[in-house]
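Peer 1: predicted model, plus sequence, below.
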Amino acid sequence: MAGFLARHLDFMSLRFPAMILSATLMLGSIVSLATLKLNVGIDFTGGSIIEVGYPQPVELEPIRSALEAGGFADAIVQHFGSADEVLIRLVPDKKSDKAEISTRVIGILKKVAGDSNIDVRRVDFVGPQVGDELTEDGGLAVLYSLIAILIYVGFRFEYRFSFGAVAALIHDVLITLGVFSVFQLNFDLTVLAAILAVIGYSLNDTIVVFDRVRENFRKIRKTPPLEIVNMSINQTFSRTLMTSFTTLLVLIALFFLGGEVIHAFATALIVGIVVGTYSSIYVASTAALALGVSRSDLMLTEKDSEDMARP
């Protein structure tokens, strides 16, 4: 492993195939989001959530059939953490009272359970208006974070780097959303939080690479920008790989052992970190090179040099 990480790999020789792959994945994500859309959860659509505990493991199909016969054909029924816990999601119904809906559903569940006692652990209601506000606020949160990152990286490095960083983040977010759209995974507030976490994680990887690129541009005078970027990625590759690997170990454990409540959250982070690691190597650096970043753009001014040399 150590020998492999010590090798000088020509990452930039694959930048054009990587860009074709990225463009294909992003286009597929856009098409899926436009046609299949996201399978948004109750946090965004509004509706009711009822969590019920059973004394023993229970099959879901009889519950689904009973709810459909009782007028709740759109109900989503799934295990929640274990086979003896059931979560029921109901779409909003403007014609019926919320309390009446929960009473009817609980009555149906008790009939299905028969002699078994069920434990109603949670009944939550989210109005459609609240769902619309969460949708708007969530989208604005992602947009504002990208704008702030564009400004931050522009001030810290150079505007070409800032556009490269934001291009990589848009790439990561779009592909992660595309995976949720293609497989129709449940998209709720926890997934939105994971998307924002992916933005921060991917940016951190990108900043590490950019910082080494800037350092090498200032130290090495006659090497072309392409070679400088390639050298910088190699110098940071072991750090990037080990950080991503250890983070993925934790997320895979959460995915398989954390239960239904964080399943979508862990999925979004796993996809985002894999794509983010790839984009910090190929998308961000390739975009900066395509915009024409050069050594002269990153050289210290005479005043900055004097300030750094001053004890």
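Peer 2: Nice, I can see it. Quantities reported herein were computed from a predicted structural model and do not represent experimental measurements. Numbering: from 1, shown residues only.
Peer 1: gap between E136 and I49?
Peer 2: 21 Å (C-beta to C-beta, to the nearest Å). In this view, the C-beta of every residue, glycine as well, is placed from N, C-alpha and C.
Peer 1: which one of the two has more residues nearby?
Peer 2: I49 (19 against 11; other C-beta atoms under 10 Å).
Peer 1: thought that one was touching R121?
Peer 2: No - contact criterion C-beta atoms under 8 Å: I49 and R121 do not qualify, at 10.6 Å.
Peer 1: run through the stretch 201-311 of the chain and note the low-pLDDT ranges.
Peer 2: 296-311 (pLDDT under 70).
Peer 1: swap the cut-off to 90 and go again
Peer 2: Within the stretch 201-311 of the chain, the stretches with pLDDT under 90 are 202-207, 210-211, 213-226, 228, 256-263, 285, 288-311.
Peer 1: what does the stretch 1-150 of the chain give?
Peer 2: Within the stretch 1-150 of the chain, the ranges that satisfy pLDDT under 90 run 1-10, 38-51, 53, 55-60, 62, 64, 68-107, 109-150.
Peer 1: go again using 70 as the cut-off
Peer 2: Using pLDDT under 70, the stretch 1-150 of the chain drops low at 1-7, 93-96, 115, 127-131.
Peer 1: quick one: the strands in it?
Peer 2: Under the criterion DSSP state E, counting those that start in this stretch, the stretch 1-150 of the chain contains strands at 39-40, 47-53, 76-80, 82-90, 119-126.
Peer 1: next, format those strands as TSV and append distance to L109.
Peer 2: Listed next are the strands of the stretch 1-150 of the chain as TSV, based on distance: least, C-beta to C-beta, whole Å:
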stretch	distance to L109
strand 39-40	24
strand 47-53	6
strand 76-80	10
strand 82-90	8
strand 119-126	8
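Peer 1: buried deepest among those, which one?
Peer 2: strand 47-53 (a mean of 20; mean count of other C-beta atoms under 10 Å).
Peer 1: quickly run through the sheet partners of that strand, with directions.
Peer 2: Its sheet considered, strand 47-53 pairs with strand 82-90 (antiparallel), strand 119-126 (antiparallel) by DSSP bridges.
Peer 1: to L25, which of the ones you listed lies closest?
Peer 2: Of all the strands paired with strand 47-53, strand 82-90 sits nearest to L25, with 30.0 Å by C-beta to C-beta.
Peer 1: SS state for G292?
Peer 2: coil (DSSP: H, G, I helix; E, B strand; the rest coil).
Peer 1: please apply the same query to R221.
Peer 2: At R221 the chain is in coil, as set by three-state DSSP.
Peer 1: count of neighbours near it?
Peer 2: Neighbourhood size, R221 [other C-beta under 10 Å]: 7.
Peer 1: contacting residues for it?
Peer 2: By C-beta atoms under 8 Å, 6 or more residues apart in numbering, the contact list for R221 reads R295.
Peer 1: and the gap between it and V153?
Peer 2: Computed with C-beta to C-beta, the distance linking R221 and V153 is 25 Å.
Peer 1: got it, and A165?
Peer 2: Between A165 and V153 the computed distance is 5 Å (C-beta to C-beta).
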